[in-house]
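In: pasting the sequence and the predicted coordinates here, then a few questions.
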Amino acid sequence: MLNVGKIEEGFVLDHIPAGKAMYIYHHLGLDKLDCPVAIIKNARSNAMGKKDILKVECDIDSLNLDVLAFIDHNITVNVIKDGEIKEKRKLELPRELVDVIKCTNPRCITSIEHELPHIFYLADEEREIYRCKYCDVKYEENDAGEWN
Amino acid sequence: MRHLLTPQDFSVEELEDLFVLADDIENNSAKYSHICDGKKLATLFYEPSTRTRLSHETAMINLGGSVIGFPSGNVSSATKGESVADTIRVISCFADIAAIRHPKEGAAAVAAAYSSIPIINAGDGGHQHPTQTLLDMQTIRRLKGRLSDMTIGICGDLKFGRTVHSLVEAMSRYEGISFVFISPQELRMPDYVTDILHDRGIDYEEVTKLEDAIPKLDVLYMTRVQKERFFNEEDYIRLKDFYILDEKKLAAAKPDCYILHPLPRVNEIAPEVDNDPRAAYFLQVKYGVLVRMAVILTLLERN
């Protein structure tokens, strides 16, 4: 069994589908933070078979984790303070996603102007529908985007 | 600073103010003939257009302003690879307001994001064409005396027809509106439009035969199947003459069912229909200039 030391303050993101840890690492901007991050890939899980885990030691107000709600509802967010789990944070779908997913509509302005940010807005919270801010086309998960 | 990217940028009350302003411009044109003296409109047309560009330019000239711009992407810096964002930042230094047409969806939203002057979306690919919608609405309002309580039929290319997406979205904000969408299977209304109707509880039906729909309509909006929206020429040829409105079909319509069309027309309305008193498509052109004058004044806050 692999052991990673506990953290004093920060987050433990558990039940990440195996293989998605680096994707989340990127979209939370953890590469830009000067703080300890442990990435555990393919950890054994009774429920999932395999899972990824991220441990981030940082100020708990310094990270916006809403993007996780878009990536996967089932990710567990444990907020750690003084070395203990203080809460399991409930995530809300972000109103806007910037450069998280890509618009694949060949008629969209983003298809020819590659420097533009790919911005999606939450069009329907209940049905979890995001639409491109430019062309209004609905994002479908099998559009691939950056899920490779 | 405000832009006009979709008809939803204006509330129903603001739209009514705009239509009343257009009425006043029509009735008191002299009052408005110098109101934009010294102001410049830039028309940035990356895609050719006769009506929309000239209508915007006429609107500004009628208000005493002047016009700069380019009539096609081939004669602009776009050929050198300049982005819309950069172009609009440059144009913002020259003009007071800009109307942009671009073949890609969302181009006007990009322009608005980087602009320091008001932007009018004069058509962005198959997406939105709000000034067309406003002139369509003003035509309906003037002919029917209301914008509520009617059944609107929309026929032809509903998939790529940007004018109809804008029109449906805008008209669905009024009481008692229902729609009949008449199109071939391949050119049905996209889901982002029908989702809005679901959310607002608006009745609509989708049919393929124009004859089935025509007796129940208060307004019939015909559209052209646009060759430039197809990647495949065969599909275009198969679908282009799917609907042709002629006097025989129109005989089944109500006596006050007005026929609208964004123009240019190709084959979808037979010339014999032009003399029918219900043919309103050339009247739309007249209201187009008046509505665009009202839009320019509103965005420049000179009303």
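Out: Yes, it's here.
In: and the nearest residue to residue B:48 once chain neighbours are set aside, how far from residue A:113?
Out: Distances taken as C-beta to C-beta, 6 or more residues apart in numbering or on different chains place residue B:72 nearest to residue B:48, at 5.2 Å, with adjacent residues excluded. Quick note: C-beta positions are derived from backbone N, CA and C, even for glycine. Distance of residue B:72 to residue A:113, given as C-beta to C-beta, to the nearest Å: 18 Å.
In: which residues of the stretch 1-150 of chain B score low on pLDDT?
Out: By pLDDT under 70, the low-scoring segments of the stretch 1-150 of chain B are B:75-79.
In: which residues of it lie near chain A?
Out: Taking C-beta under 8 Å from any C-beta of the partner chain as the contact definition, the stretch 1-150 of chain B meets chain A at B:83-85, B:102-107, B:109-110, B:124-127.
In: quick revisit: of residue B:72 and residue A:113, who's got more company?
Out: Counting neighbours by other C-beta atoms under 10 Å in any protein chain shown for residue B:72 and for residue A:113 shows that residue A:113 has the greater number, 18 against 15.
In: domains of chain B?
Out: According to automatic domain parsing, chain B is divided into the following domains: B:7-129+B:286-299, B:130-284.
In: and those: which comes nearest residue A:73?
Out: domain B:130-284 (21.8 Å; C-beta to C-beta).
In: now do that closest one: distance to the chain's middle.
Out: Between the centre of domain B:130-284 and the centre of its chain there are 12 Å (C-alpha atoms, centre = their mean, to the nearest Å).
In: for stretch A:17-29, output the C-alpha coordinates as PDB.
Out: In PDB, the C-alpha atoms belonging to stretch A:17-29 read as follows (Å, rounded to 0.1, in the frame of the first residue of the first chain):
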ATOM      1  CA  PRO A  17     -11.900   8.500 -12.100                       C
ATOM      2  CA  ALA A  18      -8.700   6.800 -12.900                       C
ATOM      3  CA  GLY A  19      -6.700   8.700 -15.400                       C
ATOM      4  CA  LYS A  20      -8.300  12.100 -14.800                       C
ATOM      5  CA  ALA A  21      -6.000  13.400 -12.100                       C
ATOM      6  CA  MET A  22      -3.700  15.300 -14.500                       C
ATOM      7  CA  TYR A  23      -6.600  16.800 -16.300                       C
ATOM      8  CA  ILE A  24      -7.900  18.100 -13.000                       C
ATOM      9  CA  TYR A  25      -4.400  19.200 -11.900                       C
ATOM     10  CA  HIS A  26      -4.200  21.300 -15.100                       C
ATOM     11  CA  HIS A  27      -7.700  22.800 -14.800                       C
ATOM     12  CA  LEU A  28      -7.400  23.800 -11.200                       C
ATOM     13  CA  GLY A  29      -4.200  25.600 -12.100                       C
END
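In: buried ones in it, by neighbour count?
Out: Neighbour counts using 16 or more other C-beta atoms under 10 Å in any protein chain shown place A:17, A:20, A:21, A:23, A:24, A:25, A:27, A:28 of stretch A:17-29 among the buried residues.
In: how far does it sit from the chain's center?
Out: 6 Å.
In: contacts for it?
Out: Contact with stretch A:17-29 is made by A:13, A:16, A:31, A:37, A:39-42, A:48-54, A:56, A:63, A:65, A:67-68, A:71-72, A:75, A:100, A:146-147, as judged by C-beta atoms under 8 Å, 6 or more residues apart in numbering or on different chains.
In: list buried residues within these.
Out: Counted by 16+ other C-beta under 10 Å, those give A:13, A:16, A:37, A:39-41, A:51-54, A:56, A:63, A:65, A:67-68, A:71, A:75, A:100 as buried.
In: so which of those are in strands?
Out: Mapping the buried ones among the contacts of stretch A:17-29 onto strands (DSSP state E) picks out A:13, A:16, A:37, A:39, A:40, A:41, A:51, A:52, A:53, A:54, A:56.
In: got the domain ranges for chain A?
Out: Domain segmentation of chain A under automatic domain parsing yields A:10-88, A:96-143.
In: chain center to the strand or helix carrying residue B:87, what's the gap?
Out: Using DSSP states H and E, residue B:87 falls within helix B:84-91. Relative to the mean C-alpha coordinate of its chain, helix B:84-91 is positioned 24 Å out (C-alpha atoms, centre = their mean).
In: who does the helix or strand following that helix touch, helix- and strand-wise?
Out: As assigned by DSSP H and E, the chain's next helix or strand after helix B:84-91 is strand B:97-102. Judged by 3 or more C-beta pairs under 8 Å, 6 or more residues apart in numbering or on different chains; DSSP states H and E, strand B:97-102 is in contact with strand B:40-45, helix B:51-62, helix B:84-91, helix B:107-114, strand B:119-124.
In: could you redo the last one with a cut-off of 7 Å?
Out: Packed against strand B:97-102 by the contact rule (3 or more C-beta pairs under 7 Å, 6 or more residues apart in numbering or on different chains; DSSP states H and E) you find strand B:40-45, helix B:84-91, helix B:107-114, strand B:119-124.
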